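# With the sequence up front, the predicted model follows.
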Amino acid sequence: MKKWLLHGMLIAMFLVIIPGCSDRLDMEDATFPLLIGFDLDKKNEFIVYSTSPNFIKNIEKKTRELRVKPLTNRQSREKQDSYTPGVFQGRTIQVILVSKRILQQENWFRLTDVWFRDPKNPLTPRIIAFDGPLSDIIYLNPKDQPMLPLLLRDMVETKNIRSETVKTTLQGLHQQIREKGVTPVISEARVIDEQVALTGTTLLDHKGKFADSLNMQESILLRILQNNTKKSISLTIPIPGEMKIGPFHTDKLSLNADKIKAKIKTSFLHDKFQFDIHITMRVGLTERLFPYDVRSRGRELENKITDQVQQQFDSLIKKIQADKIDPIGLGFYAQAHEYSQFKKVEDHWGESLAKADIQVSVKTIIGAMGTVK
């Protein structure tokens, strides 16, 4: 009896182990793409790029780039397989790079359907918009920088912490497109003087279509309005009345701001939404390129800083309303405080927000001026 039981246990263990190894794939038999890119050529034909690391010895080039013209994203896998010695694996993707031409197309996000249907695919790749043909960045391969996918991934991580861009994953973008109270935002990259640069944030509409771009300073202001700054943020602003001397911008003041609070009051009056946004921040001076007695004229400087930051917030609000989008997420506040009114306009919230009365008030307090007088 014991012998029969032992044999039964061995057979059961064998049956459990075998299925677990049935899909085994050795590294040398696989291709691991770290980056996938979507673009359109001059004839509006769909192009898919991929960047994979080279594991073969005695090859100087660290990565291999592929370019195919499939009918669908899923078909691109088979086409790329025909050019690689290994089997194409989608589980290792770190970055999905999307050209501006793709983002300008209606319903481009449907191209990602295959990743949501196959549970083996990751939903954590960073989504990055690229302003220009993807060939400009895919084949750049600077020798003094890490592999492009790792470079872009790390740039998004660090710039997100400094609030200079956003970190949006594939799953996060899917959630933003489905939400009616906010419009999607993703990182934006460019090639400047043959160098890869993360330049700010791309704003999309409710369908995920390109709406506008924000530079790094505008991206910081957006993060403040979202009440989503990670650490202290850095701003550089002009100070009226100060002179620019020679080629140097000596009328500028740089500051770090922390303890930032954004309070939003929501109401519905006169057939439109009202949003009163009150922002307070404690600032420390990090660079002053003009003579100024901060100790005796500190309150005056606070007022000048407040006026300049206020103007930048007002300019950003006007841009957002002109584009009929809501990257701030004011729709969430409207839904929470004026639900019945929001339900009437939720399917065209961007148009409703464009007509809303949005007032931003800023209060800055100089908390530090550095170690020099």
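Nice, I can see it.
# Could you tell me which helix of the chain is the longest one?
helix 294-323 (DSSP state H).
# Which of the residues in stretch 328-347 are classified as buried?
Buried positions in stretch 328-347, judged by neighbour count with 16 or more other CB atoms under 10 Å: 328-335, 338, 341-342, 345. Yep, even glycine has a C-beta here, placed from its N, CA and C like the rest.
# In helices only, show me these.
Going by DSSP H, the helices hold 330-335, 341-342, 345 from these.
# Could you list the low-confidence segments of this protein?
The chain contains residues with pLDDT under 70 at 1-30, 56-58, 86-90, 371-373.
# And the buried residues of stretch 328-347, which is closest to T169?
Closest approach to T169 among the buried residues of stretch 328-347 (CB to CB): G329, at 17.2 Å.
# Not counting sequence-adjacent ones, nearest residue to the closest one?
Closest residue to G329 apart from its sequence neighbours, by CB to CB, 6 or more residues apart in numbering: V182 at 4.1 Å.
# and the one you found, helix, strand or coil?
coil (DSSP: H, G, I helix; E, B strand; the rest coil).
# Make sure it is actually in contact with I320.
No: with contact defined as CB atoms under 8 Å, V182 does not reach I320; the gap is 11.6 Å.
# E45 versus I365, what's the distance?
56 Å (CB to CB, to the nearest Å).
# And the two? Which one has more around it.
Taking other CB atoms under 10 Å, I365 and E45 do not tie; I365 has more neighbours (14 against 11).
# Can you pull out the residues in contact with the helix or strand encompassing the more buried one?
With elements taken from DSSP states H and E, the one containing I365 is strand 357-368. Under the contact criterion CB atoms under 8 Å, 6 or more residues apart in numbering, strand 357-368 has outside partners 225, 257, 272-285, 294, 298, 301-302, 305-306, 309-310, 313-314, 317, 321, 330.
# Quick one, which of the residues you listed are buried?
Counted by 16+ other CB under 10 Å, those give 225, 257, 273-275, 277, 279, 281-283, 285, 301-302, 305-306, 309-310, 313, 317, 321, 330 as buried.
# Ignoring the adjacent residues along the chain, who's closest to Q335?
F342 (4.7 Å).
# measure that neighbour to T236 for me?
From F342 to T236 the distance is 37 Å (CB to CB).
# With P149 instead?
In terms of CB to CB, P149 sits 31 Å off from T236.
# Tell me which of these two has more neighbours.
Higher neighbour count among P149 and T236: P149, with 24 against 12, using other CB under 10 Å.
# isn't that one right next to I36, touching?
No: in this structure P149 lies outside contact range of I36 using CB under 8 Å: 9.3 Å.
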